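[1] model the structure of this input:
(3 chains)
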Amino acid sequence: MLELMQDEVFKAFSTYALIVILKMMLMSPLTTFYRFRKGSFATEEDVAFKPAEERKKLLRTHPDVERVRRCHLNDLENVLPFVLVGLFYALSGPELPAALLHFRIFAGSRIFHTISYVGAFPQPCRALSFLVGLAATISMAYNTFSQVFVI
Amino acid sequence: MLELMQDEVFKAFSTYALIVILKMMLMSPLTTFYRFRKGSFATEEDVAFKPAEERKKLLRTHPDVERVRRCHLNDLENVLPFVLVGLFYALSGPELPAALLHFRIFAGSRIFHTISYVGAFPQPCRALSFLVGLAATISMAYNTFSQVFVI
Amino acid sequence: MLELMQDEVFKAFSTYALIVILKMMLMSPLTTFYRFRKGSFATEEDVAFKPAEERKKLLRTHPDVERVRRCHLNDLENVLPFVLVGLFYALSGPELPAALLHFRIFAGSRIFHTISYVGAFPQPCRALSFLVGLAATISMAYNTFSQVFVI
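    Okay, here's the model as predicted:
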């Protein structure tokens, strides 16, 4: 194992980063599941298994499929910045308890965000879980800037 | 602070990477701002605060909202590769002035790209700022390959 | 060159990560190429070079442009997780042959995925290449978890 991976904060960061990345990657099979269940496809060759007269009907959008896709895009917009900001934060030498707090709040907020989004929970469930995750990422960026700022 | 973060190039990279990531994250609240201002929402529970007869009318796309969303997607397509390519580049031991030049050109070009896109500046403002950022990223990839290439 | 970059696994990872990132970045110019070829634009200022009466006609979607865009989005959803998961994996001290196997399978599967998608190959070409890439990434995450798990 490389030296970097022997740091306790970096180990914890790796664990939580992998958890939220795997959660994000789960959205691809979930989209496929909804595409088949709702009969809503985007690409011609995906409906070739059906008789020719039904194909056109299946090439349409469906609100539930679009919902899962928006949730996936929202993950790309938030989980990837968390992992990248978290990388610099973990390298900037934070205390382990403070770092764990950031990682746990973010991971929890994003899991709840997905549940609220796909489950169509009433607002402000989704908005709040989004904001909590955003705040954790911005707090990590702020802490990193307070240690390292070379412009 | 971990050893990696004591390298001058890596410190500078962290700073610029965080700046462009934060700029990218700003697009989420900007989208929300335009959604409310233009009355254009994508998700049913987001319009539940309105009387039932107005809801359907608000579930529509608006060119200005779509413009901000395309700008956000363009950031995902360009800022994230910059941060990842830049990570390998910063580790490959470039000279500090050359590295700073790459980071500054990229950060400047992306900030100008967002202003041109959201402000609907006439072309080729947006195209040029996109190409300058792309060139900076490709130049970093080329420099890294010239140091490290194990296939 | 920093110490990290002298590790053989990390060097190999850098090479393959850069290859798949550059492949992903190629989708932007490819989209532009299809936009001009098919006369399908999304943004008003992009059609200002045309006479006023033709502009509206060019602001439309075209299936071939949307196909390239979906391929690009699929890359964001899969290549970026590969690079981030691979980073933790490369740091967790895998054997070089096992690591190279993961990197090569992923890079090969994504290159084939793009060819199948843009070339509209019959299914299950695209589905299989997607699944092989997903499996490589999940296998790397699993191997990292078996070395490092701090929750």
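[2] find the nearest non-adjacent residue to the residue in chain A that chain C sits nearest to, please.
    Here chain A gets closest to chain C at one residue, A:Met1, 3.8 Å apart by Cβ to the nearest Cβ. Backbone N, C-alpha and C define where each C-beta goes, glycine included. For A:Met1, ignoring the flanking residues on the chain, the nearest one in space by Cβ to Cβ, 6 or more residues apart in numbering or on different chains is C:Gly93 at 3.8 Å.
[3] so the one you found touches A:Gln6, yeah?
    No. Counting by Cβ atoms under 8 Å, C:Gly93 stays clear of A:Gln6, with 10.0 Å between them.
[4] and those two? Which one has more around it.
    C:Gly93 (16 against 11; other Cβ atoms under 10 Å in any protein chain shown).
[5] list the contacts of the more buried one.
    Listed by Cβ atoms under 8 Å, 6 or more residues apart in numbering or on different chains, the contact partners of C:Gly93 are A:1-2, A:5, C:9, C:147.
[6] state the mean pLDDT of stretch A:109-119.
    Stretch A:109-119 carries an average pLDDT of 95.
[7] which residues of chain A lie near chain B?
    Residues of chain A lying near chain B by Cβ under 8 Å from any Cβ of the partner chain: A:3-4, A:7, A:10, A:63, A:66-67, A:70, A:73, A:76-78, A:80-81, A:84-85, A:87-88, A:90-93, A:117, A:120-123, A:126, A:130, A:134, A:137-138, A:141, A:144-145, A:147-151.
[8] which strands and helices sit next to the host helix or strand of A:Ala107?
    Using DSSP states H and E, A:Ala107 sits within helix A:96-118. Secondary-structure packing of helix A:96-118 (3 or more Cβ pairs under 8 Å, 6 or more residues apart in numbering or on different chains; DSSP states H and E): helix A:8-25, helix A:63-91, helix A:125-147.
[9] closest to B:Arg110 out of those helices?
    helix A:63-91 (14.1 Å; Cβ to Cβ).
[10] A:Thr137 reaches A:Leu84, doesn't it?
    No. The criterion here is Cβ under 8 Å, and A:Thr137 misses it with A:Leu84 at 9.3 Å.
[11] could you find the closest non-adjacent residue to A:Pro122?
    Nearest to A:Pro122 is B:Glu45, by Cβ to Cβ, 6+ apart, at 5.5 Å.
[12] tell me the pLDDT at the one you found?
    The confidence metric pLDDT takes the value 89 at B:Glu45.
[13] what about it, how many neighbours?
    18.
[14] equivalent analysis for A:Ala52, please.
    8.
[15] same question, A:Gln147
    For A:Gln147, the neighbour count with other Cβ under 10 Å is 16.
[16] list the contacts for it?
    Contacts for A:Gln147 were tallied using Cβ under 8 Å, 6+ apart; they are A:92-93, B:1, B:5.
[17] near chain C, which residues of chain A?
    Residues of chain A lying near chain C (Cβ under 8 Å from any Cβ): A:1-5, A:8, A:11-12, A:14-18, A:21-22, A:24-25, A:27-28, A:42-46, A:48-49, A:72-73, A:76, A:80, A:83-84, A:87.
[18] quick one: pLDDT of A:Ala99?
    On pLDDT, A:Ala99 comes in at 96.
[19] quick revisit: quick check: the farthest pair among the contacts of C:Gly93?
    Spatial extent of the contacts of C:Gly93 (Cβ to Cβ) is set by the pair C:Val9 and C:Gln147 at 12.7 Å.
[20] if we can go back for a sec, as a markdown table, the contacts of C:Gly93 with pLDDT would be great.
    Listed next are those as a markdown table, based on pLDDT from 0 to 100:
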| residue | pLDDT |
| --- | --- |
| A:Met1 | 76 |
| A:Leu2 | 82 |
| A:Met5 | 89 |
| C:Val9 | 94 |
| C:Gln147 | 89 |
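[21] so where's chain A shaky on pLDDT?
    Within chain A, no range satisfies pLDDT under 70.
[22] at 80 instead, please
    A:1 (pLDDT under 80).
[23] whichever residue of chain A sits closest to chain B in helix, strand or coil?
    Nearest residue of chain A to chain B: A:Gly93, at 3.8 Å (Cβ to the nearest Cβ). Under DSSP: H, G, I helix; E, B strand; the rest coil, A:Gly93 falls in the coil class.
[24] follow-up on the earlier one: redo the helices and strands packed on helix A:96-118 as CSV? Include distance to B:Arg35.
    CSV is the format used below for the helices and strands packed on helix A:96-118 (distance: least, Cβ to Cβ, whole Å):
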stretch, distance to B:Arg35
helix A:8-25, 23
helix A:63-91, 12
helix A:125-147, 12
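[25] I am finished for the moment; much appreciated.
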